[in-house]
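>>> sharing a sequence plus its predicted fold:
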Amino acid sequence: MTDAEIVELYRNRDEAAISATAARYQSMLQRVAMQILNDSEDAEECVNDTYLAAWDAVPETLPSHLGAFLCKIVRKKAIDRLRTNTRKKRSARGYAVSLEELAEVFEGDTSPEKALDEVLLTEAIQAFLKDQTPEVRKLFLGRYYWFCPLKDIAGKCGMSEGNAKTVLFRTRKKLREYLEKEGFTV
């Protein structure tokens with residue numbers, strides 16, 4: 001079933017939309033949630049919450065790309081779940097490690113989570129990434145947006161883990177310089 005057909009099912013409030021979404025996107029959504037949570041039960045709950053959120057959102061918000069729309073929802077659900085879990089456990093996982101790496105770009109009272117939520121900063125980061133090579137963009141987004149383990153994202157980009165670390169370090173340095181040039185206090 002195509003995305004347009006699934007969206008039409010949502011728009012018609014047909015419950016078959018949920019099963020069609022699960023058939024097409026379950027494994028992708030589960031993988032995104034697992035990369036953040038590293039817990040299959042929590043990941044499964046986030047995926048199920050994503051289906052409900054899609055059910056509530058689609059009639060009013062018609063996504064042009066259903067997969068990206070669902071990934072955005074499951075990512076937010078997984079991050080919210082991880083924040084809840086880490087408040088209790090205070091354990092460091094891939095998400096926390098990724099944010100610690102990115103934290104060196106941001107200093108002072110601004111945490112990476114708060115800074116990345118600000119619209120102007122998001123636009124500046126997007127503009128910075130547009131000027132980078134596709135390989136650097138893929139590496140940066142894989143690590144800091146999708147929270148992929150360094151080894152995995154390096155392999156997907158066809159480079160060694162050490163080379164990926166170096167590229168990310170240099171990219172963070174360039175991002176910091178770019179943001180300072182654009183007038184952001186980092």
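Looks like it came in fine.

>>> break this structure into its domains for me.
The record's domain parsing of the chain by automatic domain parsing lists 3-89, 94-181.

>>> with respect to burial, which of those domains scores highest?
Compared across these, domain 3-89 shows the largest average neighbour count, a mean of 17 (mean count of other CB atoms under 10 Å). In this view, the C-beta of every residue, glycine as well, is placed from N, C-alpha and C.

>>> ok so, going back, among the domains of the chain, show the one with the smallest mean pLDDT.
Per-stretch mean pLDDT for the domains of the chain is lowest at domain 94-181 (a mean of 81).

>>> please tell me how far that one is from the chain's geometric centre.
Between the centre of domain 94-181 and the centre of its host chain there is 12 Å, according to CA atoms, centre = their mean, to the nearest Å.

>>> out of everything not next to it in sequence, what's closest to residue 141?
Once flanking residues are discounted, residue 141 sits nearest to residue 129: 7.4 Å by CB to CB, 6 or more residues apart in numbering.

>>> then residue 77?
Among residues not flanking residue 77 along the chain, residue 46 sits closest, at 4.2 Å (CB to CB, 6+ apart).

>>> contacts only, for the one you found.
By CB atoms under 8 Å, 6 or more residues apart in numbering, residue 46 lies in contact with 29, 33, 37, 74, 77-78, 81.

>>> rerun at 10 Å
Listed by CB atoms under 10 Å, 6 or more residues apart in numbering, the contact partners of residue 46 are 29-30, 32-34, 36-37, 39, 53, 73-82.

>>> which phi and psi does residue 66 have?
Main-chain torsions, residue 66, degrees, to the nearest 10: phi -60, psi -40.

>>> do you know how far it is from residue 22?
12 Å (CB to CB, to the nearest Å).

>>> what's whatever helix or strand residue 78 lives in packed up against?
Assigned by DSSP states H and E, residue 78 falls within helix 66-89. Using 3 or more CB pairs under 10 Å, 6 or more residues apart in numbering; DSSP states H and E as the contact test, the elements touching helix 66-89 are helix 3-11, helix 16-37, helix 40-57, helix 94-103.
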